[in-house]
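Undergrad: no FASTA, just this:
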């Protein structure tokens, strides 16, 4: 049982480059989330999805895009990387019992933009 | 809007001392959930405890204990007889009731605990 899998684990980008952070879960969870964690800070919600085909903005969505074509996958796209997007990105999922169960987190993607 | 405040940014203790981490939250919901997560130096997030707003009983799990006080909107976490392995960042988080607002978690800023041998 893999849980939530994020790839890549580390990446260095140049300013202006684009990339997609991958997130997949094998628990058939409807709810999925992308957070970013800046150094020394808490997690902030970027985007979330309540099911395939449905996404919505979180607290800090600017500079990012998401899609949810399947229940399993929830990729996060950076179109024009900026130094302010240097962060650790966490993907998470939760089943339909919502907060009556803990969110499952991936191990994170550490992204540096130079 | 929901908000979680962890006023202590860093706490340093000597091994075997007790340490209490404060968490204060704001929400308009009458039903909500509170969580504590641990983030060790390796970076992953480890779930520690979940508490719903109807259950104000304190909980103890080994050296960990939690004090939930709805009257003061606080959900504090105590590590008794701390060990070096407790060194980590600890996050308090808040979620609305099941099915509300996408079941989103709001995190506090975290408290870094450093346990010195």
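TA: Received, thanks. Keep in mind it's a predicted model, so treat the numbers as computed, not measured.
Undergrad: okay, CA-based contacts and neighbour counts for the rest of this
TA: Noted.
Undergrad: What is the neighbour count of the residue of chain A at minimum distance from chain B?
TA: Relative to chain B, the nearest point of chain A is residue A:42 (4.1 Å; Cα to the nearest Cα). Other residues near residue A:42 come to 21 when the count uses other Cα atoms under 10 Å in any protein chain shown.
Undergrad: Identify the residues contacting it.
TA: The contact partners of residue A:42, by Cα atoms under 8 Å, 6 or more residues apart in numbering or on different chains, come to B:91, B:107-110.
Undergrad: Give me every residue in chain A lying close to chain B.
TA: Residues of chain A lying close to chain B (Cα under 8 Å from any Cα of the partner chain) are A:31, A:41-45, A:48-50, A:96-102, A:105-108.
Undergrad: From the residues you listed, which land in strands?
TA: If you go by DSSP state E, the residues of chain A next to chain B have A:31, A:43-45, A:48-50, A:105 in strands.
Undergrad: now these in JSON lines, with pLDDT?
TA: Shown next, in JSON lines, are these (pLDDT from 0 to 100):
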{"residue": "A:31", "pLDDT": "93"}
{"residue": "A:43", "pLDDT": "95"}
{"residue": "A:44", "pLDDT": "95"}
{"residue": "A:45", "pLDDT": "95"}
{"residue": "A:48", "pLDDT": "95"}
{"residue": "A:49", "pLDDT": "95"}
{"residue": "A:50", "pLDDT": "92"}
{"residue": "A:105", "pLDDT": "95"}
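Undergrad: Name the member of these that has the highest neighbour count.
TA: residue A:48 (27 neighbours).
Undergrad: I'd say that residue and residue A:30 touch.
TA: No - the pair residue A:48 / residue A:30 is not scored as a contact, 10.4 Å apart, by Cα atoms under 8 Å.
Undergrad: hmm, stretch B:48-63 in reach of chain A?
TA: Yes - against chain A, stretch B:48-63 shows contacts by Cα under 8 Å from any Cα at B:50, B:52.
Undergrad: for that stretch, which positions count as buried?
TA: B:49-53 (16 or more other Cα atoms under 10 Å in any protein chain shown).
Undergrad: With stretch A:4-23 instead?
TA: A:4-7, A:13, A:21-23.
Undergrad: Could you identify the pair within the residues you listed that is furthest apart?
TA: The most widely separated members of those, counting by Cα to Cα, are A:4 and A:13 (23.7 Å).
Undergrad: tell me, how many neighbours does the residue of chain B found nearest chain A end up with?
TA: Closest approach between chain B and chain A, counting by Cα to the nearest Cα: residue B:109, at 4.1 Å. The tally of other residues near residue B:109 (other Cα under 10 Å) stands at 24.
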